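Asks: Dropping a prediction and its sequence here:
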Amino acid sequence: MLERVRKVRKARSKWHLRARDGGLVDLDLFVQALRLQFGNLFDGTGQSPDEIIGQLQELQKINVNLSEDLTDAIGLFNEAHHCLRLTFGNAVSVPDPLPLPLRKFMLTRMDFADEKHLTLILEAALGKVLAHLETYLAAGKTISS
């Protein structure tokens, strides 16, 4: 499924977090793959990604570093995506660089000193998600349709 998604998505801007490697789609697929892999540990359905990650870490099915990296990425990506959607409605149309009023709003809301700092943290989180996902896949795990 991941391969099919990657063939059709195209990030037009660094702010299109759904279409970026290591972004929201990769993160969602990864968390759901973990949820399926350890499905016997969950009662019912409808757990949030944070709940899934927290439970897997608590039961020592994933390590603390993976848990923290995924949880941090979920918070960061969702907050940035929410700010962008409030302004543009659709993150596909977000220009790069950000318009000044949006940049000020995001930096204030997300508590970053400047866009360079936000970009640095964002790129690091994207890289961590992608690295964890690739490690998971290299270990013989699959995210199938």
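Replies: Happy to help now that I have it. Numbers count the residues shown, from 1 in each chain.
Asks: For T45, which three-state class applies?
Replies: Put simply, T45 is coil when judged by DSSP: H, G, I helix; E, B strand; the rest coil.
Asks: Burial check on it, number of neighbours?
Replies: Residues near T45, counting by other C-beta atoms under 10 Å, number 7. Any C-beta I mention is one placed from the backbone N, CA and C, and that applies to glycine too.
Asks: Also the one 4 residues further on?
Replies: Around P49 there are 19 other residues, counting by other C-beta under 10 Å.
Asks: And for P95?
Replies: Neighbour tally, P95, other C-beta under 10 Å: 11.
Asks: quick one, what contacts it?
Replies: By C-beta atoms under 8 Å, 6 or more residues apart in numbering, P95 lies in contact with S13.
Asks: any idea how far it is from Q60?
Replies: Distance of P95 to Q60, given as C-beta to C-beta, to the nearest Å: 44 Å.
Asks: repeat for L84
Replies: Taken as C-beta to C-beta, the span from L84 to Q60 is 36 Å.
Asks: So for these two, which residue has more residues nearby?
Replies: L84 (22 against 8).
Asks: so what's that one up against?
Replies: W15, L17, A91, V94, L102, M106.
Asks: What does the pLDDT read for the fourth one?
Replies: Looking at V94, its pLDDT reads 83.
Asks: Got the phi and psi for it?
Replies: Phi and psi for V94, reported as degrees, to the nearest 10, are phi -70, psi 120.
Asks: With adjacent residues omitted, what lies nearest to it?
Replies: Leaving out its chain neighbours, the residue that sits closest to V94 by C-beta to C-beta, 6 or more residues apart in numbering is W15, at 4.2 Å.
Asks: Need the pLDDT of that neighbour.
Replies: 87.
Asks: Identify the residue nearest the geometric centre of this protein.
Replies: L24 (3.8 Å; C-alpha atoms, centre = their mean).
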